[in-house]
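Trainee: Have a look; sequence and predicted model below, questions after that.
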Amino acid sequence: MKALAILFATSEMAPGVKTGGLGDVAAALPVALHQARQDVRVLIPAYPALKKTFPEATLLAEIPPLAPALPAARLLSAHAAGLPLLLLDCPALYERPGNPYLDPLGNDWPDNPIRFGLLSRVAALLGQEQSPLAWRADVVHANDWQTALAPAFLHYGGGAASVLTVHNIAFQGCFGGEPLVTALGLPDFSWRFDGVEYHGQLSFLKAGLQLASQLSTVSPTYAREIQDEHFGYALAPLLRHRRDDLRGILNGIDATTWNPANDPALVHPYAANRLAAKRRNKIALQNEMGLTEASDRPLFGVVSRLTHQKGHDLLLAIGDGLPHLPAQLVLLGSGDQQIEAGFLALARRHPGQIAVKLGFDEALAHRIEAGADAFLMPSRFEPCGLNQLYSLRYGTPPVVRATGGLADTVIDISEETLAARTANGFVLADESPHALWLALERVCATWQDKKLWQRLQQNGMRRDSSWAQAAGAYLALYHDALARRH
Ligand code: ADP
């Protein structure tokens with residue numbers, strides 16, 4: 001079959017620009033598609049971090065102002081992992097400190113609709129006749145609200161088929177009102193309930209969900225959940241309406257970066273048949289984080305954004321009980337100030353037993369996956385979740401709620417699942433501190449039985465979370481999008 005020309009449009013990409021799961025997907029899925037012999041290019045704003053990573057980037061094309069509010073820009077060409085990278089250069093919009101969406105004080109940049117309106121518009125342009133490149137996308141793959149206007153531009157302006165993937169429906173990109181439509185270069189008639197309008201605002205995500213040729217999200221369970229008001233908010237009716245075009249495709253993980261047998265962040269590499277060395281990573285982590293070198297109790301690990309979504313308030317509520325389980329806790333994260341302060345205070349009350357580091361630290365995240373005995377992820381919702389997949393691979397059984405991708409990947413330990421050799425973690429009965437406490441008691445009891453624990457670890461480590469499988473599913477989705485477009 002002829003290779004498809006695919007434009008993967010994204011607002012972040014690991015390792016340089018990452019606020020969450022999308023960054024990891026953007027770094028891995030295009031590479032897997034490239035390895036599957038597809039003609040893939042990645043479009044991303046030329047943030048300072050990327051300009052620094054790719055100082056050799058060359059000018060590919062000038063882009064004139066495409067709408068009243070969209071400034072002129074340039075496309076720069078670079079290569080990452082053998083893959084062509086298109087950097088959208090517009091210093092006035094993208095050369096800023098802070099993360100891609102927020103200023104250094106944590107507030108949304110006020111011109112985000114312009115910043116990501118331009119990104120969406122250029123993504124669409126590269127799938128249209130007017131493309132400034134000789135290369136033209138057959139399919140434009142938009143991701144989350146930041147590029148979700150691309151399908152709208154393609155719907156109204158003609159061109160490539162489009163796919164929109166929802167990585168997290170909680171962020172929808174709603175801005176201003178009708179004047180924004182003209183400012184961004186959308187036709188006036190797109191301002192309607194089955195166009196880009198959403199409760200009097202322009203919603204990037206809603207526009208994409210309404211107008212993309214095909215939709216996907218990052219796990220089968222989340223694809224079902226977002227059709228329900230509780231998870232999908234007011235977008236649930238639209239998603240039910242488009243349910244035949246909506247697919248759940250589980251993320252893979254970067255099996256090279258996340259490989260305990262060959263992880264530069266670890267002093268003691270290990271594998272499923274060499275689990276003894278994992279214990280040395282625990283001791284190293286205890287030392288690094290100022291925990292006592294206790295070997296009689298499990299060490300729980302957390303690496304997470306500290307937000308309501310992630311459910312760590314449940315952990316805070318029972319935190320003072322952890323040393324009595326007995327268990328230790330190491331937490332790396334950042335987010336809500338109240339939750340951050342709560343964990344700092346908890347660590348101060350239990351020196352040597354609970355250690356907390358605020359901030360984003362990729363290498364420490366690896367050492368926690370390797371050094372912890374079990375990984376805690378009591379999320380209220382979790383579109384796919386990557387950390388439970390890393391945990392499975394690192395022989396660190398995850399403790400999760402049955403939601404989204406957690407429900408699709410973590411299988412609670414029971415007589416039946418042990419017999420079937422599928423048991424690989426612990427699932428909370430419900431969303432309460434009590435349920436978390438009961439699950440942690442089960443973890444402690446299971447951990448004391450070293451043989452049983454090892455079976456659990458090895459079941460998890462056997463799981464194939466490679467991107468090759470996901471890439472095949474995306475390819476099928478692209479072909480469906482093309483069939484629908486024609
Ligand atoms: P989400 O995208 O909702 O934040 P995921 O589990 O899908 O959650 O992906 C989170 C990614 O970000 C993982 O790669 C995780 O290791 C990483 N991460 C989250 N917080 C931190 C942190 N404080 N330091 C290092 N890595 C982090």
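Mentor: Now that the structure is in, tell me what you want to look at.

Trainee: drop to CA atoms for contacts and neighbour counts, all remaining ones
Mentor: OK.

Trainee: mind saving the C-alpha coords of stretch 337-345 as PDB?
Mentor: The C-alpha coordinates for stretch 337-345 follow below in PDB (Å, rounded to 0.1, in the frame of the first residue of the first chain):
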ATOM      1  CA  GLN A 337      -0.400  24.900  45.700                       C
ATOM      2  CA  GLN A 338      -2.800  23.500  48.400                       C
ATOM      3  CA  ILE A 339      -1.900  19.800  47.500                       C
ATOM      4  CA  GLU A 340       1.800  20.700  47.300                       C
ATOM      5  CA  ALA A 341       1.700  22.300  50.700                       C
ATOM      6  CA  GLY A 342      -0.200  19.400  52.100                       C
ATOM      7  CA  PHE A 343       2.500  16.900  51.000                       C
ATOM      8  CA  LEU A 344       5.300  19.100  52.200                       C
ATOM      9  CA  ALA A 345       3.700  19.200  55.600                       C
END
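
Trainee: any idea how far residue 274 is from residue 458?
Mentor: 10 Å (C-alpha to C-alpha, to the nearest Å).

Trainee: Which one of these two is surrounded by more residues?
Mentor: residue 458 (24 against 10; other C-alpha atoms under 10 Å).

Trainee: in the stretch 301-450 of the chain, which spans are helices?
Mentor: Counting by DSSP state H, counting those that start in this stretch, the stretch 301-450 of the chain has helices at residues 312-318, 337-349, 362-371, 387-393, 404-409, 415-419, 433-448, 450-462.

Trainee: Give me the pLDDT for residue 436.
Mentor: For residue 436, the model assigns a pLDDT of 98.

Trainee: so it touches residue 316, yeah?
Mentor: No: look at residue 436 against residue 316 with C-alpha atoms under 8 Å: they stay out of range, at 10.7 Å.

Trainee: So which bits of the lowest-mean-pLDDT helix or strand in the chain are buried?
Mentor: In the chain, the helix or strand scored least confidently by mean pLDDT, DSSP states H and E is helix 229-232, which has a mean of 83. Of the residues in helix 229-232, 231, 232 count as buried by neighbour count, 16 or more other C-alpha atoms under 10 Å.

Trainee: And the helix or strand following it, what does it pack against?
Mentor: Toward the C-terminus, helix 229-232 is succeeded by helix 236-241 as the next helix or strand (DSSP states H and E). On a contact count with 3 or more C-alpha pairs under 8 Å, 6 or more residues apart in numbering; DSSP states H and E, helix 236-241 meets helix 204-211.

Trainee: Dump the helix it packs on to CSV, restricted to CA.
Mentor: Presented in CSV, the C-alpha positions along helix 204-211 are these (Å, rounded to 0.1, in the frame of the first residue of the first chain):
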residue,chain,number,x,y,z
PHE,A,204,-11.2,24.8,19.7
LEU,A,205,-11.9,21.3,21.0
LYS,A,206,-15.6,21.3,20.2
ALA,A,207,-14.9,22.6,16.7
GLY,A,208,-12.5,19.7,16.1
LEU,A,209,-14.9,17.1,17.6
GLN,A,210,-17.6,18.4,15.4
LEU,A,211,-15.7,18.7,12.1
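
Trainee: List the strands paired with the helix or strand following that helix, with their directions.
Mentor: Of the helices and strands lying after helix 204-211 in sequence (DSSP H and E), the nearest is strand 214-217. Using DSSP bridges, the strands paired with strand 214-217 are strand 161-166 (parallel), strand 246-248 (parallel).

Trainee: Quick check: which helices or strands does whatever helix or strand comes next after the shortest one pack against?
Mentor: What that stands for is strand 246-248. Downstream of strand 246-248, the next assigned helix or strand under DSSP H and E is helix 276-289. Using 3+ C-alpha pairs under 8 Å, 6+ apart as the contact criterion, the neighbours of helix 276-289 among helices and strands are helix 362-371.

Trainee: Now do the helix it packs on: everything it contacts.
Mentor: Helix 362-371 has contacts (C-alpha atoms under 8 Å, 6 or more residues apart in numbering) with 258, 260, 265-266, 278-285, 299, 301-303, 330, 332, 375, 390-391, 394-396.

Trainee: ok, and of the residues you listed, which contact the ligand?
Mentor: 303, 332 (C-alpha under 6 Å from any ligand atom).

Trainee: Show me which of the contacts of helix 362-371 are buried.
Mentor: 258, 260, 265-266, 278-285, 299, 301-303, 330, 332, 375, 390-391, 394-396.

Trainee: The top helix by length along the chain - contacts with which helices or strands?
Mentor: In the chain, with assignment by DSSP state H, the single longest helix is helix 467-485. The contact analysis (3+ C-alpha pairs under 8 Å, 6+ apart) places helix 467-485 against helix 21-35, strand 139-143, strand 161-166, strand 214-217.

Trainee: hmm, who's touching the last one?
Mentor: Taking contacts as C-alpha under 8 Å, 6+ apart, the residues outside strand 214-217 that touch it are 162-167, 209, 223, 245-249, 383, 477-478, 480-481.

Trainee: With stretch 189-199 instead?
Mentor: With C-alpha under 8 Å, 6+ apart as the test, stretch 189-199 has contacts from 152, 174, 178, 181, 202, 203, 204, 206, 207, 210, 211.

Trainee: How confident was the prediction at the fifth one?
Mentor: Okay, so that is residue 202. In this model, residue 202 is scored at 97, pLDDT.

Trainee: Tell me both backbone torsions, phi and psi, for it.
Mentor: When quoted as degrees, to the nearest 10, the phi and psi of residue 202 stand at phi -90, psi 120.

Trainee: so what's it up against?
Mentor: Residue 202 neighbours (C-alpha under 8 Å, 6+ apart): 174, 175, 176, 177, 178, 180, 181, 196.

Trainee: try 10 Å
Mentor: If you count contacts by C-alpha atoms under 10 Å, 6 or more residues apart in numbering, residue 202 has them with 113, 149, 172-181, 191-192, 195-196.

Trainee: Which strand residues bridge it?
Mentor: Beta-bridge partners of residue 202, as defined by DSSP bridges: residue 175, residue 197.

Trainee: care to break the chain down by domain?
Mentor: Domain assignment for the chain by automatic domain parsing gives 5-252+467-485, 276-462.

Trainee: how far does the shortest one sit from the chain's center?
Mentor: If I follow you right, that is domain 276-462. 19 Å (C-alpha atoms, centre = their mean, to the nearest Å).

Trainee: Please point out which parts of stretch 429-443 sit buried.
Mentor: Within stretch 429-443, the residues that qualify as buried are 433, 434, 435, 436, 437, 439, 440, 441, 443, counting by 16+ other C-alpha under 10 Å.

Trainee: which residues touch the fifth one?
Mentor: If I follow you right, that is residue 437. 314, 315, 317, 318, 319, 321, 322, 325, 428, 443.

Trainee: quick revisit: ranking the helices and strands packed on helix 467-485 by mean pLDDT, which is last?
Mentor: Taking the mean pLDDT of those, helix 21-35 comes last: a mean of 93.

Trainee: immediately after that helix, which helix or strand?
Mentor: With elements assigned by DSSP H and E, the helix or strand that comes after helix 21-35 is strand 39-45.

Trainee: gap between that next one and the chain center?
Mentor: What separates the centre of strand 39-45 from the centre of its chain is 18 Å, taken as C-alpha atoms, centre = their mean.

Trainee: before we move on, what about stretch 141-148?
Mentor: Chain-centre distance of stretch 141-148: 13 Å, with C-alpha atoms, centre = their mean.

Trainee: Ok, stretch 69-89 next?
Mentor: 22 Å.

Trainee: and what of stretch 260-276?
Mentor: Centroid separation between stretch 260-276 and its chain, computed with C-alpha atoms, centre = their mean, is 25 Å.

Trainee: Please apply the same query to stretch 477-486.
Mentor: Distance, centroid of stretch 477-486 to centroid of chain: 25 Å (C-alpha atoms, centre = their mean).
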